[in-house]
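Peer 1: Next comes the sequence, and after it the predicted model I'd like to discuss.
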Amino acid sequence: MIGLTSPLRGSESRAAQPSSLCEVLRWIAGDTFHWLRNGHHHYPPAPGEESFTDMNIRHLRQFMDRRVKVFQFNKDQERRNGSDLEMWIHDGSHGVGLRIQAKKASRAGSYPFDHVVKKQNAYQCDLLVQHAQVVGCVPVYLLYNHWSWDGGDEVEASQKGLLCDHLAPDGSHQGCTLLSGYRVQSEIGRKLDGYNVRHKVLWGESLSWNRVLCDRRAPGNSSPRFSRDILNDVFTSVRGLTLMGQDRSPEHSAEPTPSHRRWGETAYANAPYADGVDATVAVPEEGPDRLPSHVLRLIETHEAEPPPPPVPTMATVLVDVRDDRAQKPAKPFEGCVRRR
């Protein structure tokens, strides 16, 4: 339970101090893991992707108190535009943005990666990538899983005490994993060449989201890590995940995308994204970029009255890493180590 009070206990669930994002994401992953496994194997039917996403957003808001702002938008718009939510890890001026599409594992272990948005003549993965570029984010899939893999180097690192409690003994930290949208795009390209989508391969290449977005600070007897240090660590992890996906997505999603290969010039018909977007936008190399204007507006805006997003999505989640109260670990731990 990683020191978090159950979210089902109302006002008692809010601890005296907000929890770290790393801890909350691991808790959410475990909750998703067991909820989905029970739904598939013990108490069917399993909840839908939207139910998981709604509940996970609620948990973020509840556990992290004032460190998180959540803006929810028209869900009908999201269904047409290839994204469930936008998440920004920020320090008030700079940040790392993720444009996220959630996918739930079926009982047999497959995911609807090849979903088609018919009104746009487009694969959902192509719209996710294009819209992520419009808003300055990296495109990622959030996989909801109901089993775990062996871990290999993760297990070895855990035994050496190097993963700062990222691992759960039952593997439930793998209930929520992140996969580059570019990687899914390349796999759909393979499908158009006559191959099957390799669901287990994609799942195995995804990374536990609590590790990718870790905001843990060093122990009190070590040199202090400031919010910019944490942001740089998140940036490094997200950039690595993205570059791994781009390496297998020729031209970094420039045409011909899978959608253009299938529908030609009619692909993305009526898709509401800005004109003149560079389809080969590179991932920043130096560090987190300055926050785009729409995120700066949200930081200053009340959650009940959000301005419309540049590209529709179900929700935008802002996580502020400047709050020192939330960064003190409940117990000593070693520095984080990440794969790849």
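Peer 2: Good, I have the coordinates. As the structure is a prediction and not an experimental result, all values here were calculated from the model.
Peer 1: And the contacts of the helix or strand S186 falls within?
Peer 2: Here S186 sits within helix 181-192, counting by DSSP states H and E. Helix 181-192 has contacts (CB atoms under 8 Å, 6 or more residues apart in numbering) with 99, 101, 113-114, 123, 125-126, 128-129, 132, 138-141, 197-198, 202, 205, 242, 244-246, 248-250, 252-253, 257-258, 261-262. To be clear about C-beta, it is placed using only N, CA and C from the backbone, and glycine gets the same treatment.
Peer 1: Show me what secondary structure element comes after that helix.
Peer 2: Criterion used, DSSP H and E; the element after helix 181-192 is helix 199-205.
Peer 1: Skipping adjacent residues, who's closest to L36 in space?
Peer 2: Distances taken as CB to CB, 6 or more residues apart in numbering place H146 nearest to L36, at 4.1 Å, with adjacent residues excluded.
Peer 1: where along the stretch 1-150 of the chain do the strands fall?
Peer 2: Applying DSSP state E, counting those that start in this stretch to the stretch 1-150 of the chain gives strands spanning 68-72, 85-90, 94-104, 116-117, 122-123, 138-144.
Peer 1: Send me the last one as CSV with only the CA atoms.
Peer 2: In this case it means strand 138-144. Output of strand 138-144 as CSV, limited to C-alpha atoms (Å, rounded to 0.1, in the frame of the first residue of the first chain):
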residue,chain,number,x,y,z
VAL,A,138,5.4,13.5,-26.4
PRO,A,139,2.8,10.8,-27.5
VAL,A,140,2.5,7.8,-25.2
TYR,A,141,0.2,4.9,-24.6
LEU,A,142,-0.8,4.2,-21.0
LEU,A,143,-1.3,0.4,-20.9
TYR,A,144,-3.6,-1.0,-18.2
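Peer 1: Can you list the residue ranges for helices in the stretch 1-150 of the chain?
Peer 2: For the stretch 1-150 of the chain, the helices defined by DSSP state H, counting those that start in this stretch cover 21-41, 49-64, 75-79, 124-134.
Peer 1: Quick check: which ranges of the stretch 201-340 of the chain have low pLDDT?
Peer 2: Low-confidence segments of the stretch 201-340 of the chain (pLDDT under 70): 217-225, 248-255, 269-282, 323-340.
Peer 1: at 50 what do you get?
Peer 2: For the stretch 201-340 of the chain, the stretches flagged by pLDDT under 50 are 220-221, 273-279, 325-340.
Peer 1: Quick one: the helices in it, in order.
Peer 2: Under DSSP H, counting those that start in this stretch, the stretch 201-340 of the chain gives helices at 209-212, 227-246, 258-263, 293-299.
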